[in-house]
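**Q** Next one to model:
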Amino acid sequence: MTARGTVRVERVVTSGTFSLDGDTFDVDNNVWLIGDDEEVLIVDAAHDARTIHEAVAGRHVTAIVCTHAHDDHIDAAAELSVLTGAPVLLHPGDNELWSLTHPGRKPDGELSDGRVLTVAGIELQVIHSPGHTWGSCSLHAPFLNAVFTGDTLFHGGPGATGRSYSDRPTIEASLRNRILTLPGGTVVHTGHGEDTTIAAERLNVPAV
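**A** Residues are numbered from 1 along each chain as shown. Reported below is the predicted structural model:
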């Protein structure tokens, strides 16, 4: 498979709230568009479907990939799917969480460890990386020297645990065994905040 044209990563920042376990917080989310001038894949449909749709700018959307099912990452997924005609993909480990936000609509397809998604002539490999939630997944794009980690890995270390559907030892094991084994120069595009690299974050995840 050969990449077509200039494949690039675009970030759209949207704002809204995150609610779980009776608490609500204001948050800014990173929405990632991966593709070229003809088609894109969207990583996380956060808060504002119309702003994301504007960034798509008429391109064909191959899929809306949910890194996990916390409401701030999926609240715009159903509307964005209608606007773009693209399927919403989620790991089944997060179906219960998904149903809290979209009780009348199921995802259109399943993410699974090792599944390969394609867009604009490049491949993205799904890495099941549970811990922040049971169904959390990352997307590794070797062509772009990048990984999209949702809330599993941030600039500064692992994503949050301690709420429902999460577990600290599990997220640390996912990072040690699945994510931090990627090449050190791999750019980490996160669900919130700034980018980092695999090499930088190896220092921030405890050893066994």
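**Q** Just give the closest residue to the residue nearest to the spatial centre of the chain, not the sequence neighbours.
**A** Using Cα atoms, centre = their mean, the residue of the chain that lies closest to the mean C-alpha position is residue 67, 3.3 Å off. Once flanking residues are discounted, residue 67 sits nearest to residue 150: 2.7 Å by Cβ to Cβ, 6 or more residues apart in numbering. Yep, even glycine has a C-beta here, placed from its N, CA and C like the rest.
**Q** And for that neighbour, the neighbour number?
**A** Residue 150 is surrounded by 29 other residues when neighbours are defined as other Cβ atoms under 10 Å.
**Q** That one: what's it in contact with?
**A** For residue 150, the residues meeting the contact criterion (Cβ atoms under 8 Å, 6 or more residues apart in numbering) are 43-44, 67-68, 73, 132, 136-138, 159, 190-191.
**Q** Quick one, grab the pLDDT at it.
**A** On pLDDT, residue 150 comes in at 98.
**Q** One more: residue 2?
**A** In the prediction, the pLDDT value recorded for residue 2 is 59.
**Q** The residue nearest to the centre of the chain contacts residue 159, correct?
**A** No. With contacts counted by Cβ atoms under 8 Å, residue 67 stays clear of residue 159, the gap being 10.1 Å.
**Q** Spit out the residues that contact these two alike.
**A** When contacts are counted by Cβ under 8 Å, 6+ apart, the set common to residue 67 and residue 159 consists of 150-152, 191.
**Q** Contacts only, for residue 130.
**A** Residue 130 makes contact with 93, 136, 167, 170-171, 174, according to Cβ under 8 Å, 6+ apart.
**Q** give me the low-pLDDT residue ranges for the chain?
**A** Scanning the chain for pLDDT under 70 picks out the ranges 1-5.
**Q** which residue ranges form the strands in it?
**A** With DSSP state E as the definition, the chain shows strands at residue ranges 8-20, 23-35, 39-43, 60-65, 88-90, 109-110, 116-119, 122-128, 137-141, 146-150, 153-154, 157-158, 187-190, 196-197.
**Q** Give me the contacts around the second one.
**A** Strand 23-35 has contacts (Cβ under 8 Å, 6+ apart) with 7-19, 40-47, 52, 55-56, 59, 62, 72-73, 119-120, 122, 124, 141, 144, 148, 189-193.
**Q** quick one: residue 137 from residue 174, how far?
**A** When Cβ to Cβ, to the nearest Å is applied, the distance between residue 137 and residue 174 equals 10 Å.
**Q** Touching both of these two, which residues are there?
**A** For the pair residue 137 and residue 174, residues contacting each of them under the criterion Cβ under 8 Å, 6+ apart are 128-129.
**Q** Let me know the closest of the shared contacts of residue 67 and residue 159 to residue 197.
**A** For residue 197, the closest of the shared contacts of residue 67 and residue 159 turns out to be residue 152, at 15.0 Å, with distances computed as Cβ to Cβ.
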